[in-house]
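1. Have a look; sequence and predicted model below, questions after that.
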Amino acid sequence: MQEKSAPGMHSEEEKLILAAKENPSRFSALYERYYEQILKFVYQRVVTKEDAFDITQQVFLQAMLSLHKYELRGFPFSSWLYRIAINELNQVFRKNEKQRGVNLEEKHLQEIVEEMNVVSDTEKESAVLNALTTLDEEDFRLIEMRFFEKRPFKEIGEILNITEPNTKMRLYRILDKLKPVVQKNINM
C-alpha cells in the first residue's frame, strides 16, 4: 500500500528514500540521518559498544541491500530500520545469549515507576531495573520503545506488526506483570 500524497509532493525523508532507491550511493544520507538512533537502540540491548557498532553496521547493510523492497506506508523510515535491528539482534542473541544486556538512563526508570503508580525513589528505580532484566526480549522491546524512545503506540504497533489497541493492552499487561517483581525486589 503506497502512501497517499499529491503527485510530485514528497517529504524530505521520502526524497532521500527515492534517491537512494535510484542510486545506492545516495543511501549515505539515510545512514547519516538514522545512524545514531539505531545505534542507541542497539546499544541499549547489548553488553559492549563494539557489539553495538557491529550490529548497527549490519542493520544498515541489510537496509541498503533491501531498500528496493521498502514501501512508503505513512510511517517513518526509522520504523523499518527498527524492524531490521530487531531481527539482527535476535540473530545475535540466538548465537550468543551473553551479548544481551540492558543499558538504561535513570530518567527512563523513573517514568516506568511513575506509570506503575508507585512513588519514585532510588530503591524502586533499582527494583524496576532488576525487574526489567526478567522480561523476555519482546516485552522489553515494547517497554523500551514506549518509555525510552517515546514512540507513539501506533508506530510501535507498526514496528511490531500488531494493532495499536493490542500494543496498549500488551504494554499495560507487562507493567502489571512487573509490579509484583518490583515489590519483591523492594522487600528484599
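-> Thanks, I have it. Here the structure is a predicted model, which is why all the values come from computation and not from measurement. Numbering: from 1, shown residues only.

2. okay, now the closest residue to residue 41 other than its chain neighbours: neighbour count?
-> Spatially, and ignoring its direct neighbours in sequence, residue 41 is nearest to residue 85 (5.8 Å; CB to CB, 6 or more residues apart in numbering). The way it works is simple: take the backbone N, C-alpha and C, and place the C-beta from them, glycine included. Per other CB atoms under 10 Å, the neighbour tally for residue 85 reads 26.

3. Now do the buried residues in stretch 42-53.
-> When burial is assessed from 16 or more other CB atoms under 10 Å, stretch 42-53 yields the following buried residues: 42, 43, 44, 45, 46, 51, 52.

4. If you average the pLDDT over that stretch, what comes out?
-> Mean per-residue pLDDT for stretch 42-53: 85.

5. about what we covered before: of the buried residues of stretch 42-53, which is the nearest to residue 141?
-> residue 45 (8.2 Å; CB to CB).

6. Tell me if I'm right that that closest one and residue 88 touch.
-> No - between residue 45 and residue 88 there is no contact under CB atoms under 8 Å: 10.3 Å.

7. Pretty sure residue 31 sits in a strand.
-> No - Residue 31: not assigned to a strand; according to DSSP: H, G, I helix; E, B strand; the rest coil it is helix.

8. How many residues are close by it?
-> 18.

9. Now it: closest residue in space, sequence neighbours ignored.
-> residue 60 (5.4 Å).

10. Tell me who's in contact with the one you found.
-> 31, 35, 38, 81 (CB atoms under 8 Å, 6 or more residues apart in numbering).

11. what helix or strand does it sit in?
-> For residue 60, the element it lies in under DSSP states H and E is helix 49-66.

12. the longest helix in the chain is where?
-> Counting by DSSP state H, the longest helix found in the chain is helix 164-186.

13. related to what we said a few turns ago, quick one: list the elements packing against the next helix or strand after the helix holding residue 60.
-> Per DSSP H and E, the first helix or strand lying C-terminal to helix 49-66 is helix 77-95. Applying 3 or more CB pairs under 8 Å, 6 or more residues apart in numbering; DSSP states H and E, we find helix 77-95 packed against helix 12-22, helix 28-43, helix 49-66, helix 137-143, helix 153-160.

14. what comes into contact with the second one?
-> Pointing back at helix 28-43 there. If you take CB under 8 Å, 6+ apart as the criterion, helix 28-43 is touched by 13, 16-17, 19-20, 49, 52-53, 55-56, 59-60, 63-64, 77-78, 81-82, 85, 88-89, 103, 144, 149.

15. CA atoms of it as CSV?
-> C-alpha atoms of helix 28-43 as CSV (Å, rounded to 0.1, in the frame of the first residue of the first chain):
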residue,chain,number,x,y,z
SER,A,28,24.5,7.6,2.9
ALA,A,29,22.1,10.4,3.6
LEU,A,30,19.7,7.9,5.2
TYR,A,31,22.6,6.3,7.1
GLU,A,32,23.7,9.7,8.5
ARG,A,33,20.1,10.7,9.4
TYR,A,34,19.3,7.5,11.4
TYR,A,35,22.6,6.0,12.5
GLU,A,36,22.7,7.5,16.0
GLN,A,37,19.2,6.5,16.9
ILE,A,38,19.6,2.9,15.7
LEU,A,39,23.0,2.7,17.4
LYS,A,40,21.4,3.9,20.7
PHE,A,41,18.6,1.3,20.3
VAL,A,42,21.1,-1.5,19.7
TYR,A,43,23.4,-0.4,22.5
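
16. That's all I had, so thanks and see you.
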